[in-house]
Each structure stands twice: as C-alpha cells, then as structure tokens.
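[1] Sharing a model prediction with you, sequence too.
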Amino acid sequence: MLNEVLAALCPADRSIAATVTARLDSLTKPVGSLGRLESLAVTLATQTGEAFPSVSPPGVLVFAADHGVVAEGVSAFPQDVTAQMVANFVTGGAGINVFARQIDARLEVIDVGVAAELGGEGVVDEKVRLGTANMAEADAMSRAEAVAALEAGMRAAERAIDAGCRCLIVGEMGIANTTASSALLAAFTDVPVASLIGRGAGIAESRLAHKQAVIERALMARAPDRDDPLDVLAKLGGLEIAAMAGAYLGGAARRVPLLVDGFIATVAALAACRLSPAARDYLIFAHLSHEPGHVHALAALDAQPLLDLGLCLGEGTGAALAFPLLESATRMLAEMATFDSAGITAGNVGNVDSVG
C-alpha cells in the first residue's frame, strides 16, 4: 500500500491559482485587504483543484501509541496515562473532543501501539505492537513495523475521506512522544538536541538535561540514515508518529487539505515530506506550539503557522481551533459579492484601506 500511495501522490495544481486570485481581486474589498486569508483561499484551491474549494466536514484522526523510552524517565506521566487518555477520547471528555464537536468534525481514535489491550467500542484496532522499544537501548521498531504503522495511517485517511471529509486534522496521544519527536527532528536536521527539547507534558526544568542526554545517546547508538526516512522512523520514531505521517501521505494522494497541529504533528509531517516531497503542497500549518522544537520543525518545512496561542496540548487541538479560518477562506471566495454583482465601481475603492 505504501508504494501505491507514494506513486499516486502528485504536486498540487498551481494552474488554478491565477483564476482564484482574479476572483479574489474582484470581490468587494480593496485588493489584498484580507491578507493571509486570501493566500489561504488560493492554497486550498490548488490543493483540491477546485476554484471554489470546500473543507467541510473536517475529519479528525487521533493516533495513540506508547514509547519504550519512557523507561528512561523522560516524561512527567507514567505510561498508563496513554490508555487512560484513549478512554477519555472515547467518552468525549478530552480537549480534542470539545473542539471537534465545535467544528462538527468526524473523529476517529486509532490504536497503533498502546502498550495495553484496549477493549470495548470506540477505538479502531490497528495495533502494530505493544509500544516501541526503548530507543536508547534498541531500534524503536523494525522497518516492517514502521511500514505497517504508515499504512495504518493511510487506511485511516482513506476511511475519513470515503466518509465525506474534505479536510483532515491529525492528532496523537503517546506518553514520551515529544522525546521521540525531538530525536526524529535532530536526525532529519542539523539542529542540536539542546535547541529542540522542551518540557513535553510537564517535566521539571531540572530533568531537561537528562532528556537531552537520553536523546543524544539514542542518536549515537542507533546511527539513523538521514537519507532513508524509513530507517529514521524505525530507529527513533513512534508508532503513532509513523501513522500520522501515513495519514498525511494518504490524504495528499487524495488531494485533501491537511491541517497540521503542533510539534509532534509537524515532525510527522516532515517525515511524510521526506518520503514524498510532493506531500508538502497539501499541508497547512495551524499554530506555533510552545514546545521549543516546533519552530525548527516549521523551518525545516518552510512553514508559517496561522495562529500563535502558546498551545502545547497536542491531540490535534490547535488544528481544530484553526479550522474555522479555512472555512472562512472558502466562504469568502464563494459567498462574497463581486464589484460587478454589487453594482460598485471598483475604481472608487481601489486605493483605500477598507470599504465601509
């Protein structure tokens, strides 16, 4: 499945940009007066190939998995919290549940590697293994397991799109996944680990040096090949991070806009783009996370986020909060009157800051 998706993934259709820009310039406003909302409308059009794109309903995919590196004491919470938070997602009590309801999103929770057997309804079982190995002591997973996680993400994207979702928000849950994400980002870039690590879910400042040392030890021991993204994912990644990358690839292959959340989601997006550079065309970055490494992950993708609210929760929450901006961009394009339809002479407003 991975090879088929990679083969199907093509760059966005930039030929439509001129048509959409002309439409924007004909609307009853000074040219460019809605700023980045106008460029967002053009981006959505090139991604979908539609002059009047639609992003509703959105789909939220939350991937959950555990990390063996938690044994190194890099997280403020015990591993059991991953399974407990999955139960919270199922009952609708988490932050992403609240914001997904607010935007009328379809939400799916996928277990790709929680270190416990999850019973009951409400969770899609795509478990590859019971958590990764401790990357400081062994490869996090095998290459085949990394592919299996990627393909689990692709299937999740397919289910959401086939159910009618026009935009995908990809979230995660996994204790110690900021450690794995920092290791991945260090492996993919030349940024020192010390500049990438943060407090994650709330470790004490005094533990940051230990977290840095664990990641540096893993990088030295695993020696990932930066030119082989699968090797990097397998040696240092998380099952949920690989699944997120797969969801981005699967969504991009179907030409669906992909709204990227914070630090972990952006590192997963970077992995997806290393597997297929064309995937970058379908990514829209929701917000700037409070996690220090996020600015470096964004820089690696030449990305400018829409919001800066000091968020660092994960789960896809920041992307869900940014989604109304995408909806506003499409509605502006489709519903706002043109100078001709409103009977307004464009020359009368062309050099003013607003129409009112």
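    Thanks, I have the structure now. Residues are numbered from 1 along each chain as shown.
[2] What residues of the helix or strand encompassing residue 213 count as buried?
    Using DSSP states H and E, the element containing residue 213 is helix 208-222. Buried residues in helix 208-222, defined by neighbour count with 16 or more other Cβ atoms under 10 Å: 208, 211, 212, 214, 215, 216, 218, 219, 222. Every residue, glycine included, has its C-beta placed from N, CA and C.
[3] Which residues does it contact?
    The contact list for helix 208-222, computed with Cβ atoms under 8 Å, 6 or more residues apart in numbering, reads 69, 72-74, 135-137, 139, 179, 182-183, 186-187, 193-194, 197-200, 203, 235-236.
[4] just the strands in this structure please.
    Assigned by DSSP state E, the strands in the chain fall at 58-65, 106-113, 124-125, 167-173, 258-260, 283-285.
[5] What are the contacting residues of the shortest one?
    The reference is to strand 124-125. Contacts of strand 124-125 (Cβ under 8 Å, 6+ apart): 108, 109, 110, 111, 118, 156.
[6] can you do 10 Å?
    With contacts defined as Cβ atoms under 10 Å, 6 or more residues apart in numbering, strand 124-125 is touched by 61, 63, 108-112, 114, 117-119, 152, 155-156, 159.
[7] Format the strands of the chain as a markdown table; extra columns: mean neighbour count, distance to residue 9 and mean pLDDT.
    As requested, the strands of the chain are exported to a markdown table (neighbours: other Cβ atoms under 10 Å; distance: least, Cβ to Cβ, whole Å; pLDDT from 0 to 100):
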| stretch | mean neighbour count | distance to residue 9 | mean pLDDT |
| --- | --- | --- | --- |
| strand 58-65 | 29 | 18 | 98 |
| strand 106-113 | 24 | 21 | 98 |
| strand 124-125 | 14 | 23 | 97 |
| strand 167-173 | 30 | 14 | 98 |
| strand 258-260 | 28 | 12 | 98 |
| strand 283-285 | 24 | 12 | 98 |
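[8] Out of these, which is closest to residue 17?
    Closest approach to residue 17 among the strands of the chain (Cβ to Cβ): strand 283-285, 15.3 Å.
[9] Tell me the helices and strands packed up against the closest one.
    helix 35-48, helix 239-253, strand 258-260, helix 263-275, helix 294-300, helix 317-335 (3 or more Cβ pairs under 10 Å, 6 or more residues apart in numbering; DSSP states H and E).
[10] Name the residues that touch it?
    40, 43-44, 47, 55, 167, 248, 251-252, 257-262, 265-266, 269-270, 272-273, 294, 297-298, 301, 303-307, 318-319, 322-323, 325-326, 329.
[11] Could you list the low-pLDDT ranges of this protein?
    199-203, 206, 347-356 (pLDDT under 70).
[12] switch to 80 and redo it
    For the chain, the stretches flagged by pLDDT under 80 are 119-120, 198-207, 346-356.
[13] centroid residue for it?
    residue 260 (3.0 Å; Cα atoms, centre = their mean).
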